[in-house]
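# Could you look at this predicted model? Sequence included:
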Amino acid sequence: MHHRAGPLRMRPQLLVPGRPDLPREVPDGVDAVVIGGGVAGISAAVVLAERGVRVTLLEAAGQLGGRLGAWPHRMPDGSEQIVEHGFHAFFRQYYTWRAILRRADPALRFLRPTGSYPVLSARWPEEDLTGLPATPPLSLLTLFARSPSLGWRDLVGANRTLGLELLGFDQGHPALGLEALSAGEFLNRLNLSERARSMLFEAFARSFFCNPTGMSAAELVAMFHFYFLGNPEGLAFDAPDTDYLTCIWNPLRAHLTRHGAEVMTGSPVNALVPGPDHRWRVELDARTLDTRHVLLALDPGGLRGLVDRSDEARAVAPRLAAQVGSLSVAEPYAVSRLWLDRDVSPERAVFSAVTGQDTLDSITCYHRLERGSRAWAARTGGAVLELHSYACTRPDARSATEHMLAELAQLWPETADATILHRSVRLEAEAPAFPPGSRVLRPTVSSDARGVRVAGDFVQLPYCSGLMERSAMSGVLAANDVLAEHGAGPEPVTGVPQRGLLAGLTRLTRKR
């Protein structure tokens with residue numbers, strides 16, 4: 001990774017170095033079952049299979065990917081489109097996840113910059129977050145200098161103690177007082193203007209699928225560091241130029257198969273049962289697997305359900321059972337893919353965040369991003385939009401879609417007269433919540449059940465990361481734990497700097 005030199009330039013940090021003094025591969029006969037075929041499970045399975053572990057990957061759904069999954073969808077004219085769980089930004093500091101994706105495409109040619117990153121509001125002019133310097137605190141100062149939402153009142157009137165917590169994040173010495181505080185209360189006490197809070201902070205907080213009132217302030221501060229103040233790559237992201245099935249999941253499945261892994265979709269696990277000699281039985285409908293290592297890479301609800309069905313496992317792993325029992329699921333998210341009879345205005349960004357609306361949180365112009373949608377739009381003269389609600393309060397997908405359409409028409413008036421030729425809508429609840437006080441209760445990678453590891457974006461890690469990167473990192477760390485047990489060297493892990501520039505000053509201030 002090459003970066004311009006600079007006195008304040010933050011650089012990627014090698015969190016887990018490789019060990020060339022240790023064997024790369026495990027001894028013959030080591031096996032593992034990975035339960036869950038999303039980002040976390042695939043990341044773990046890739047590392048283990050490459051190192052000689054006999055891997056069986058189980059996924060309950062009919063396709064891989066979890067919340068990044070994709071599947072064929074039949075259009076009214078008989079043609080086929082690939083649809084997904086929703087747009088995801090592939091930020092450039094997702095070092096672990098990008099390293100896994102390089103197994104599918106070493107040059108990552110399928111990733112393309114999305115261009116501008118506007119935040120839209122019906123009350124205020126849009127805020128463009130692209131082009132900020134990657135060097136903190138210059139990034140923050142530039143934001144203050146150019147942002148129409150931030151004024152001198154915000155700079156002078158902000159709560160300095162809480163502002164220092166944003167600038168002084170320290171993964172090794174977290175602010176325990178922030179863990180008991182909600183992100184909403186943190187933003188209230190920060191004392192920013194209503195406009196600055198809505199346009200810059202609330203839009204950011206909701207992108208973690210949580211309402212700020214139900215998310216801990218500690219999590220908000222950590223994510224602010226990871227995505228903005230501690231991010232060496234700048235606030236920019238890419239997205240695949242084709243569907244996830246084509247560019248990610250099919251190639252990674254083929255990669256696993258080449259390394260001897262067995263990949264089984266449509267294979268829900270009924271129970272996990274401890275066996276003799278520190279081995280485990282993984283019970284499915286049609287067969288039972290016997291294995292030394294189990295990696296649990298499910299979403300919070302799926303993990304809780306599996307543990308609830310596994311009485312004997314709970315008995316031998318009470319700490320894991322308690323941690324899993326404490327997990328909570330965030331509010332449902334709604335995703336509406338819409339095929340329109342006309343295009344939107346040419347100045348519309350590929351991806352736009354939305355703030356201040358009851359339901360709508362983002363808009364994606366898929367026909368300007370993804371190959372299949374682009375071809376459909378070119379053939380019909382229409383547009384393919386995705387509307388996303390991250391913490392949806394509507395009772396069903398249809399209601400959520402109607403509210404998002406009404407709010408879209410306020411922001412993009414040209415859509416009011418468009419005819420919807422087809423729609424694919426979903427309302428699902430799978431994302432983890434990070435409520436105040438939950439940090440110490442969440443599962444870690446290792447557990448009190450010998451041979452059982454946990455991976456996912458809800459797992460409490462020793463390193464700062466978020467969303468897809470936290471999933472991938474947890475999967476690799478879980479795989480490293482298996483490798484270490486058998487004397488093999490770890491997979492290297494790179495991350496953002498784990499301390500903010502003012503971390504030392506913040507610690508001194510807390511001690512007063």
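Nice, I can see it. All of these numbers come straight from a predicted model, not from anything done at the bench.
# Output the longest helix belonging to the protein.
Among the segments of the chain that qualify as a helix by DSSP state H, the longest is helix 467-485.
# I'd like to know the average pLDDT value across it.
If you average the pLDDT over helix 467-485, you get 98.
# What is that helix packed up against?
The contact analysis (3 or more Cβ pairs under 8 Å, 6 or more residues apart in numbering; DSSP states H and E) places helix 467-485 against helix 39-50, helix 95-101, strand 293-296, strand 452-454, strand 493-495. Yep, even glycine has a C-beta here, placed from its N, CA and C like the rest.
# Next SSE downstream of the first one?
Think helix 39-50. Going down the chain from helix 39-50, the next helix or strand is strand 54-58, by DSSP states H and E.
# List the strands paired with that next one, with their directions.
Strand pairing for strand 54-58, determined by DSSP bridges: strand 31-35 (parallel), strand 262-264 (parallel).
# Counting by contacts, list what whichever helix or strand comes after the last one packs against.
Next in sequence after strand 262-264, counting helices and strands by DSSP H and E, comes strand 269-274. In terms of contact count using 3+ Cβ pairs under 8 Å, 6+ apart, strand 269-274 is assigned the packing partners strand 280-284, helix 300-308, helix 311-316.
# Put the alpha carbons of the shortest one into CSV.
This points to strand 280-284. Provided in CSV are the C-alpha atoms of strand 280-284 (Å, rounded to 0.1, in the frame of the first residue of the first chain):
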residue,chain,number,x,y,z
TRP,A,280,-18.6,-31.8,17.9
ARG,A,281,-21.6,-33.2,16.1
VAL,A,282,-23.3,-30.8,13.7
GLU,A,283,-26.9,-32.1,13.1
LEU,A,284,-28.6,-31.4,9.8
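# so what's the backbone phi/psi at residue 253?
Main-chain torsions, residue 253, degrees, to the nearest 10: phi -60, psi -40.
# can you tell which of the helices and strands packed on helix 467-485 is closest to residue 390?
Checking the helices and strands packed on helix 467-485 against residue 390 by Cβ to Cβ gives helix 39-50 as the closest, at 17.9 Å.
# Report the inter-axis angle for that closest one versus strand 31-35.
Calculated by axes from the mean of the first three to the mean of the last three Cα atoms, to 10 degrees, helix 39-50 forms an angle of 160 degrees with strand 31-35.
# tell me the average confidence for stretch 175-192?
Mean predicted lDDT for stretch 175-192 stands at 89.
# Please state the offset of that stretch from the chain centre?
Put simply, stretch 175-192 sits 22 Å off its chain's centre (Cα atoms, centre = their mean, to the nearest Å).
# If we go by neighbour counts, what in it is buried?
In terms of neighbour count (16 or more other Cβ atoms under 10 Å), stretch 175-192 has its buried residues at 175, 178, 179, 181, 182, 183, 184, 186, 187, 190, 192.
# again, but for stretch 392-408
For stretch 392-408, burial by neighbour count (16+ other Cβ under 10 Å) applies to 392, 394, 397, 399, 400, 401, 403, 404, 405, 407, 408.
# May I have it as CSV, with CA atoms only?
Once non-C-alpha atoms are left out, stretch 392-408 reads as follows in CSV (Å, rounded to 0.1, in the frame of the first residue of the first chain):
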residue,chain,number,x,y,z
CYS,A,392,-37.7,0.9,9.4
THR,A,393,-40.8,1.4,11.5
ARG,A,394,-43.3,0.5,8.9
PRO,A,395,-45.3,-2.8,9.4
ASP,A,396,-44.5,-4.4,6.1
ALA,A,397,-42.5,-4.1,2.9
ARG,A,398,-45.5,-2.7,0.9
SER,A,399,-46.1,0.1,3.4
ALA,A,400,-42.4,0.9,3.6
THR,A,401,-42.2,1.2,-0.2
GLU,A,402,-45.1,3.5,-0.5
HIS,A,403,-43.7,5.8,2.2
MET,A,404,-40.2,5.8,0.6
LEU,A,405,-41.8,6.6,-2.8
ALA,A,406,-43.6,9.6,-1.4
GLU,A,407,-40.4,10.8,0.2
LEU,A,408,-38.4,10.2,-2.9
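# Run the chain-centre distance for that stretch.
Centre-to-centre, stretch 392-408 and its host chain are 23 Å apart (Cα atoms, centre = their mean).
# export the strands paired with strand 54-58 to a markdown table and tack on mean neighbour count, mean pLDDT and distance to residue 458?
Listed next are the strands paired with strand 54-58 as a markdown table, based on neighbours: other Cβ atoms under 10 Å; pLDDT from 0 to 100; distance: least, Cβ to Cβ, whole Å:
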| stretch | mean neighbour count | mean pLDDT | distance to residue 458 |
| --- | --- | --- | --- |
| strand 31-35 | 25 | 98 | 15 |
| strand 262-264 | 17 | 98 | 24 |
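# now these as JSON lines including distance to residue 336?
Shown next, in JSON lines, are those (distance: least, Cβ to Cβ, whole Å):
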{"stretch": "strand 31-35", "distance to residue 336": "30"}
{"stretch": "strand 262-264", "distance to residue 336": "30"}
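# out of those strands, which comes closest to residue 454?
It is, among the strands paired with strand 54-58 and with distance given as Cβ to Cβ, strand 31-35, at 10.2 Å.
# Run the angle between that closest one and strand 280-284 for me.
Using the same axes, to 10 degrees: strand 31-35 against strand 280-284 is 40 degrees.
# Show residues contacting strand 31-35.
Residues outside strand 31-35 that contact it (Cβ atoms under 8 Å, 6 or more residues apart in numbering): 41, 44-45, 48, 53-58, 269, 272, 280, 282, 289, 291-298, 306, 482.
# which other helices and strands contact the helix or strand hosting residue 257?
If you go by DSSP H and E, residue 257 is part of helix 250-258. Helix 250-258 sits against helix 39-50, strand 262-264, with contacts defined as 3+ Cβ pairs under 8 Å, 6+ apart.
# re the thing from before, between the buried residues of stretch 392-408, which is closest to residue 448?
Taking these together and measuring to residue 448 by Cβ to Cβ, the closest member is residue 392, at 36.0 Å.
# Would you mind giving the helices and strands packed on strand 269-274 as TSV with distance to residue 162 added?
Shown next, in TSV, are those (distance: least, Cβ to Cβ, whole Å):
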stretch	distance to residue 162
strand 280-284	46
helix 300-308	29
helix 311-316	40
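# To residue 490, which of the ones you listed lies closest?
Of all the helices and strands packed on strand 269-274, strand 280-284 comes closest under Cβ to Cβ, at 22.9 Å.
# So what touches that closest one?
Residues outside strand 280-284 that contact it (Cβ under 8 Å, 6+ apart): 33, 35, 58, 267-275, 288-294, 451-452.
# same thing but 10 Å
Residues from elsewhere that reach strand 280-284, judged by Cβ atoms under 10 Å, 6 or more residues apart in numbering: 32-33, 35, 56, 58, 60, 264, 267-275, 288-294, 306, 309-310, 312-313, 449-452.
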